[in-house]
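A.B. asks: here is my input; please provide its structure:
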Amino acid sequence: NAALRIDDYMTFKEEVTGSLSLKHLINEESDGYVSVGRTIRVPTFTELYYIDPTTAGSAALKPEQGYSAEAGYHRRLSQALEGTFSFFVRQEYDTIDFTKLAVADPRFISRNISDAFVFGLNAYGKWQVSEKTSLDLRYFFANKRQKGDGLIYKYGMNYLKHRIGLGMDNKF
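C.D. replies: Sure, this is the predicted structure:
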């Protein structure tokens, strides 16, 4: 499975993005996969132009860029029970965040900040309780390492490293 896109923005240059995914069927119950990709994220209107007493956008922002790779394994344990586990890495460039240079600065200003490296894992389990009802459990871990640039972040380093989700699907 491969996808290649050329994104053309009026305010930015053309960018080539896309991904390549390969899946290997190990047997009827399990498979493994790998994928690699490149993404971009253009700045939002808020990041470019918004101003209030504590926050200011910057029209000089560049798009964020990222390169990622993921490897995973999926297994059906029974008709009712299955699970997936994957590991991922991501290299980010020109990450956008609102930052201050010093605590005394009156506003957080939108900036392209230093590069970052993210690694983590996903785990997912699903139990098909009945024909109409299923329960799932999800776990996500991400660790973002950024070069020590001395900036004070409004959002960037304030995220959960561990997330657990419980879900229930019911067909009516």
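A.B. asks: for this protein, which spans come out with low pLDDT?
C.D. replies: Per-residue confidence for the chain (pLDDT under 70) gives these ranges: 1-13, 148, 156-158.
A.B. asks: residue boundaries of the strands in it?
C.D. replies: For the chain, applying DSSP state E gives strands covering 2-7, 15-25, 30-41, 55-56, 64-76, 81-93, 96-100, 108-112, 116-128, 133-146, 152-153, 162-170.
A.B. asks: what's in contact with the last one?
C.D. replies: If you take CB atoms under 8 Å, 6 or more residues apart in numbering as the criterion, strand 162-170 is touched by 132-141. C-beta coordinates here come from the backbone N, C-alpha and C atoms, glycine included.
A.B. asks: could you rerun that using 6 Å?
C.D. replies: Residues from elsewhere that reach strand 162-170 (CB atoms under 6 Å, 6 or more residues apart in numbering): 133-141.
A.B. asks: show me the beta-bridge partners of residue 165.
C.D. replies: The partner list for residue 165 in beta bridges (DSSP bridges) reads residue 138.
A.B. asks: relative to residue 125, how far out is it?
C.D. replies: With the distance defined as CB to CB, to the nearest Å, residue 165 ends up 11 Å from residue 125.
A.B. asks: can you pick out the residue with more neighbours from these two?
C.D. replies: Per other CB atoms under 10 Å, whichever of residue 165 and residue 125 has more neighbours is residue 125, with 15 against 10.
A.B. asks: list the residues that contact that one.
C.D. replies: Counting by CB under 6 Å, 6+ apart, the residues that residue 125 touches are 83, 137.
A.B. asks: cool, and residue 142?
C.D. replies: Contacts of residue 142 by CB under 6 Å, 6+ apart are 118, 120.
A.B. asks: quick check: phi and psi at residue 131.
C.D. replies: Phi and psi for residue 131, reported as degrees, to the nearest 10, are phi -60, psi -30.
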